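In: Sequence and computational prediction follow.
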Amino acid sequence: MLATGLAVAAWLLVRARYGDLPALRWWQPIPLAALAVAEALGARTLRARLPALREARTRARAPAAASRDVPVRPVEPMLVARLAVLAQASAYVGAVFLGVWAGVLLHVGPAVGRLQAAAGDTVASLIGVAGSAALVAAALWLESVCRVPPQEQDPAEGVSA
């Protein structure tokens, strides 16, 4: 919803003021893509480490521990909380930029044949849309990895949820 509203607003703004705007360069949306790659790598790493840590804790509580104890690097709880906050903020930022780049693309895409400057702006806006969408996807994945799994046990009697 946020991206759609901003796409319409950006399209109207670019449509009204396109001649006054500076040329867009292909490298301008690259930081969004770089942040998407960083968050995706973080999500992949955290997705591998958290279940291993949970399994190691469960094994340690069991009376007869398994014979092959593999050391697991612990994950700081505050790091996971900070990554969850980063993921939420990045999802919003990605949605904002997705809307803005899509609005620009809606104007410059059809104008490629008429306007000479629209060709370069179309490339930049395509990279912007792709990078922003990747950022939203990576942020949502990281946020889902940071979720605490539900408890397997039922709550004690007398405790209401």
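Out: Noted; the coordinates are in hand. Numbering: from 1, shown residues only.
In: Could you use CA atoms for every contact and neighbour count after this?
Out: OK.
In: Pull the contacting residues for the residue nearest the centre of the chain.
Out: Nearest to the mean C-alpha position of the chain, by CA atoms, centre = their mean, lies residue 139 at 2.1 Å. Counting by CA atoms under 8 Å, 6 or more residues apart in numbering, residue 139 makes contact with 36, 39, 40, 86, 87, 88, 90, 91.
In: What ranges does this structure have for its helices?
Out: Secondary structure of the chain (DSSP state H): helices located at 2-17, 30-61, 77-108, 117-145.
In: helices and strands of the protein: which one has the lowest mean pLDDT?
Out: Taking mean pLDDT, DSSP states H and E as the measure, the chain has helix 30-61 as its least confident helix or strand, at a mean of 89.
In: out of the contacts of residue 139, what pair is the most spread apart?
Out: Pairwise distances across the contacts of residue 139 peak at 13.6 Å for 40 and 88 (criterion: CA to CA).
In: Compare the two and say which is more crowded by neighbours.
Out: Using other CA atoms under 10 Å as the criterion, residue 40 and residue 88 rank with residue 40 on top: 20 against 17.
In: Highest mean neighbour count out of the helices of the chain?
Out: Greatest average neighbour count among the helices of the chain goes to helix 117-145 (a mean of 23), per mean count of other CA atoms under 10 Å.
In: State the mean pLDDT of that helix.
Out: Confidence for helix 117-145, expressed as mean pLDDT, is 96.
In: Return the angle between stretch directions for it and helix 30-61.
Out: Following axes from the mean of the first three to the mean of the last three CA atoms, to 10 degrees, one obtains 10 degrees for the angle between helix 117-145 and helix 30-61.
In: now the angle from helix 117-145 to helix 77-108?
Out: Between helix 117-145 and helix 77-108, the angle comes out at 150 degrees (the same axes, to 10 degrees).
In: who touches residue 80 in this structure?
Out: residue 146.
In: circling back to that earlier point, compare the helices of the chain and report which one is nearest to residue 23.
Out: When the helices of the chain are compared by CA to CA, helix 117-145 sits nearest residue 23, at 6.7 Å.
In: what's the spacing between residue 110 and residue 53?
Out: 52 Å (CA to CA, to the nearest Å).
In: right, I mislabeled it, should have said residue 108
Out: 50 Å.
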